[in-house]
Every structure is written in C-alpha cells, then in structure tokens.
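A.B. asks: Kindly return the folded structure for what I paste below:
(2 chains)
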Amino acid sequence: MKSLLRLFFLSIGTVALTAISAFALDVGATAPEFSLPTRDGKQVTLSDLRGKVVYLDFWASWCGPCKRSLPWMNKLKRQFGEERLHVLAVNLDTDKDDAERLLKETASNIPVAFDAAGSVAELYRLTTMPTSFLIDGSGKVLQVYEGFHEKDEEKIESAIKEQLEGGIRHVKAN
Amino acid sequence: MLKRTNLLIAAVALIVAILGCAEVKPWQKGNLAKSHMAFDTDPAESRFTQHVYTSKEGSHGGYGIGGGGCGCN
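C.D. replies: Below you'll find the model as predicted:
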C-alpha cells in the first residue's frame, strides 16, 4: 500500500512538472529557428530576418482576439514600414482556406506563414491564442504578449519604437 | 506474493491511465471554438433565462457573481 501511495504521488509530481514547463518562451531566450511556407508559396526563415526587429504573431481564424489584432498588425506595417520591422503572422488553422477568408475580410496585407501542424507553435510553447513575440535583430526574444487587448496596442508600439530607435543609436555609435 | 502482483497491476494501470491524458494545445481548439460547440449559443438569451430562473427560485448567485444564494443582495 505504501509503495502504491508513493507511486501515486510520483505520478502526480510528474504531471505537475509537465505543467510547470508549459510556459511560453522566456524573455531573453533565443527565438527558435523555423522555416514555414508563406501565402505566395515561398518559404520564410527566421534567420533570414536577422538585423530586423520581428513582430512574430501566432493566430487562427477561429480566435476572436486574433481577428481583432489583424487590422492593427496592418497598421503596424504601415506605421513602421518593412525596412526594419518585419511583422510575421503565423497562422495555425488546420484549413488554410479559413485563414484566407479572414485575411480577405480584414484586408490584411501583412506577411503570413502557415503552420497547420503547429510544430512552430510547439517550439515557441504557446499557452494562449494569440501570442506574439517581439524579437530583436540578433534573434533574442524582447517581449512576449499573451492574448490581445486594444489597450495594449500603444504599449507594444512604443516597445517597437524604442527598439527601432535603439537600433539607430547603435548604428550611429559604430 | 499475490499482494505484490496486485500492486504491480495497479501500478501499471495507473501509469497507463496517466499516459492516456492528452493535453489539448491552445492552437488545437479550433473545433471547440465553433459556435455550435458552445453551451449557450446566445449569451443574451441564456442570461435572460438565468434571470428568470433565479427569480423563480428566489435566490441568485453562484454564476461568477457575488452572493451565495441567500437572496440578500
């Protein structure tokens, strides 16, 4: 009986440990490398975006806040341009058509990549939908944003701005 | 000896049961998000129904709002 109890608690412990590891990627960690197909049939590789600030967003058409974040990401692209900021929206729909429908509906023209299998989402250890990562030019995770609220837009925009301006200062210093 | 065998069977059953727990990842909830998967398809209607129900019962609360059913608030 005693060893059965011991086994029971050991099992509970294992499950608890699994739960503890279920957190999104930490700030300061190196963003895991990936290569995904894009809308135009090409491939996007994270390491190809080195030198740019990347706003990496994971979304799906069935997720309400994701729907609301798409127009704002369009605005981000317009506001900061594509030269130094790369907005990449990774879609996690199992059916690509669902994604295309929503992109059309929201008139989105941001770069979209498809990860129907969720393998990149797994790498980034998403805990909620949507989740976004602000990645600096060297591939380090600067910020993790879980969920999407309109009230956070300004905060994210200023974080991007700060990073872009910081980058300019860095270039000038050299 | 029999006790030990029982214990072993119980242990194996427990491990198998725990392995059977599958975690649904956040990006795998597409089907759950469909409107016909919701318990209440119309939030306004279910709120109204709840209001009528609690009025009839003479108690309210227990649905994420203050009050424990004493009808005093």
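A.B. asks: Ramachandran angles for the closest residue to residue A:102 other than its chain neighbours?
C.D. replies: Excluding the flanking residues, the one nearest residue A:102 by Cβ to Cβ, 6 or more residues apart in numbering or on different chains is residue A:61, at 4.2 Å. C-beta here means a position set from N, CA and C on the backbone, and glycine is covered the same way. Main-chain torsions, residue A:61, degrees, to the nearest 10: phi -70, psi -20.
A.B. asks: Could I get the buried residue list for the longest helix along chain B?
C.D. replies: With secondary structure taken from DSSP state H, chain B has its longest helix at helix B:2-19. Within helix B:2-19, the residues that count as buried by 16 or more other Cβ atoms under 10 Å in any protein chain shown are residue B:11.
A.B. asks: And stretch A:101-116, by the same measure?
C.D. replies: For stretch A:101-116, by 16+ other Cβ under 10 Å, it's A:102-103, A:106, A:108, A:110-115.
A.B. asks: next one: stretch A:140-159
C.D. replies: A:141-145, A:148, A:156, A:159.
A.B. asks: Using the three-state scheme, assign residue A:68.
C.D. replies: Reducing the assignment at residue A:68 to three states with DSSP: H, G, I helix; E, B strand; the rest coil gives helix.
A.B. asks: if you skip the residues just before and after it, what's nearest to it?
C.D. replies: residue A:148 (6.3 Å).
A.B. asks: Could you check how far the closest residue in space to residue A:129 that isn't next to it in sequence is from residue B:31?
C.D. replies: Counting by Cβ to Cβ, 6+ apart, residue A:129 lies nearest to residue A:63, which is 4.4 Å off, once chain neighbours are set aside. Noted for residue A:63: a distance of 13 Å to residue B:31, by Cβ to Cβ, to the nearest Å.
A.B. asks: Those two: which is more packed in?
C.D. replies: Here residue A:63 and residue B:31 are compared on neighbour count by other Cβ atoms under 10 Å in any protein chain shown; more neighbours surround residue A:63, at 24 against 11.
A.B. asks: That one: what's it in contact with?
C.D. replies: By Cβ atoms under 8 Å, 6 or more residues apart in numbering or on different chains, residue A:63 lies in contact with A:129-130, B:33.
A.B. asks: Enumerate the residues of chain B near chain A.
C.D. replies: B:7, B:10-11, B:14-15, B:18, B:21, B:23, B:25-30, B:33-34 (Cβ under 8 Å from any Cβ of the partner chain).
A.B. asks: Go again with 6 Å.
C.D. replies: B:7, B:10-11, B:18, B:26-27, B:30, B:33 (Cβ under 6 Å from any Cβ of the partner chain).
A.B. asks: Lowest-confidence one in the residues you listed?
C.D. replies: Among those, residue B:18 has the lowest pLDDT, at 79.
A.B. asks: do you know how far it is from residue B:11?
C.D. replies: In this view, residue B:18 and residue B:11 are 11 Å apart by Cβ to Cβ.
A.B. asks: Distance-wise, check residue B:38 relative to residue A:157.
C.D. replies: From residue B:38 across to residue A:157, the span is 34 Å (Cβ to Cβ).
A.B. asks: ok, now residue A:120?
C.D. replies: 25 Å.
A.B. asks: related to what we said a few turns ago, packing partners of the next helix or strand after the longest helix of chain B?
C.D. replies: Next helix or strand after helix B:2-19 toward the C-terminus (DSSP states H and E): helix B:43-57. Contacting helix B:43-57 under the criterion 3 or more Cβ pairs under 6 Å, 6 or more residues apart in numbering or on different chains; DSSP states H and E is no other helix or strand.
A.B. asks: Could you tell me the phi and psi values at residue A:112?
C.D. replies: phi -120, psi 140.
A.B. asks: re the thing from before, which one (most neighbours) among the contacts of residue A:63?
C.D. replies: The most crowded member of those, judged by other Cβ under 10 Å, is residue A:130 (27 neighbours).
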